[in-house]
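>>> coords below, sequence missing:
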DNA sequence: TCCCTTCATCGTATATTTGCGATATGTATT
DNA sequence: AATACATATCGCAAATATACGATGAAGGGA
């Protein structure tokens, strides 16, 4: 058993949860924060900052990439990682609309 | 090997990722949506709506509860699930501030 | 009291994630 | 061509998540 039932939910539910999943590890949050602190894309450096092995960091980057949040352009011997802003904005606004829907009903709390 | 390194990140990174993890499954998104559609806490019904076995749904509810997003008050033979609004608002606003920080720097995109 | 309903928990199987070292790849530099 | 550097990928081990059926607990009604 342990059949994966994720396909049985709506597409939007799957998309939102996939986005959340991409952010569901502190290392990946940390990576995004590094991007926020600098005003440029990351070209290396990440491995030095995180307390993880190079291969593990590479794996986390891959996951952000596969989630569509990251554009990685391999550029010579060093890579350049950038946020895919279109995707990021789309997901974050969808999250906010979910949050807001929930909050509106909050005003009529029942227990 | 396979040692869990989550503790080596900052507390905020851990909190945010834990929140994201709670939303990282379509079933849990669906549960929150059900709450949004009705104007009241959920007393049963969830199992009928989701395409999952009762025990599995119970497990997902437990996870939302352990993430601090859900308050569950077992009340006689039926339970009542409510969102923990304080926690929810805290996390969603922290997410937004992360999003906004990222967006600000977006304006100086470099690649 | 004896069942029925509702939900939680346990045990278990499988899938996925996390993490590392080793190795491959790909581009500059010498 | 040989080397050095930065990343990616592979292979494996351990941890965690997902899912279900079976069972347990607790209240309500016959």
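Cool, got the structure. Quantities reported herein were computed from a predicted structural model and do not represent experimental measurements.
>>> now residue A:57. Nearest residue, chain neighbours left out?
Closest residue to residue A:57 apart from its sequence neighbours, by Cβ to Cβ, 6 or more residues apart in numbering or on different chains: residue A:47 at 5.0 Å. For glycine as for every other residue, the C-beta is placed from the backbone atoms N, C-alpha and C.
>>> phi, psi for residue A:80 please.
As for residue A:80, its main-chain torsions (degrees, to the nearest 10) stand at phi -130, psi 120.
>>> what pLDDT does residue A:65 get?
Residue A:65 is assigned 92 on the pLDDT scale.
>>> got phi/psi on the residue lying closest to residue A:41 once chain neighbours are set aside?
Setting aside the residues directly before and after it, residue A:41 is nearest to residue A:82 in space (Cβ to Cβ, 6+ apart), at 4.2 Å. Here is the backbone geometry of residue A:82 (degrees, to the nearest 10): phi -130, psi 150.
>>> wondering if the helix or strand containing the residue nearest to residue A:57 reaches DNA strand C at all.
Assigned by DSSP states H and E, residue A:47 belongs to helix A:46-49. No - using Cβ under 7 Å from any atom of the strand, we find that helix A:46-49 stays clear of DNA strand C, coming within 9.9 Å at best.
>>> quick one: contacts of that helix?
A:30, A:31, A:34, A:54, A:57, A:61, A:81 (Cβ atoms under 8 Å, 6 or more residues apart in numbering or on different chains).
>>> how many neighbouring residues does residue A:83 have?
Neighbours of residue A:83 under the rule other Cβ atoms under 10 Å in any protein chain shown: 23.
>>> that one bridge partners, please.
residue A:70 (DSSP bridges).
>>> where's residue A:81, which helix or strand?
With DSSP H and E as the test, residue A:81 turns up in strand A:78-83.
>>> give the other helices and strands that that strand contacts.
Identification of packing neighbours for strand A:78-83 by 3 or more Cβ pairs under 8 Å, 6 or more residues apart in numbering or on different chains; DSSP states H and E yields helix A:26-37, strand A:70-75.
>>> want to throw those into a markdown table with distance to DNA strand C, mean neighbour count and mean pLDDT?
Output for the helices and strands packed on strand A:78-83, formatted as a markdown table (distance: least, Cβ to the nearest atom of the strand, whole Å; neighbours: other Cβ atoms under 10 Å in any protein chain shown; pLDDT from 0 to 100):
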| stretch | distance to DNA strand C | mean neighbour count | mean pLDDT |
| --- | --- | --- | --- |
| helix A:26-37 | 5 | 20 | 90 |
| strand A:70-75 | 7 | 15 | 71 |
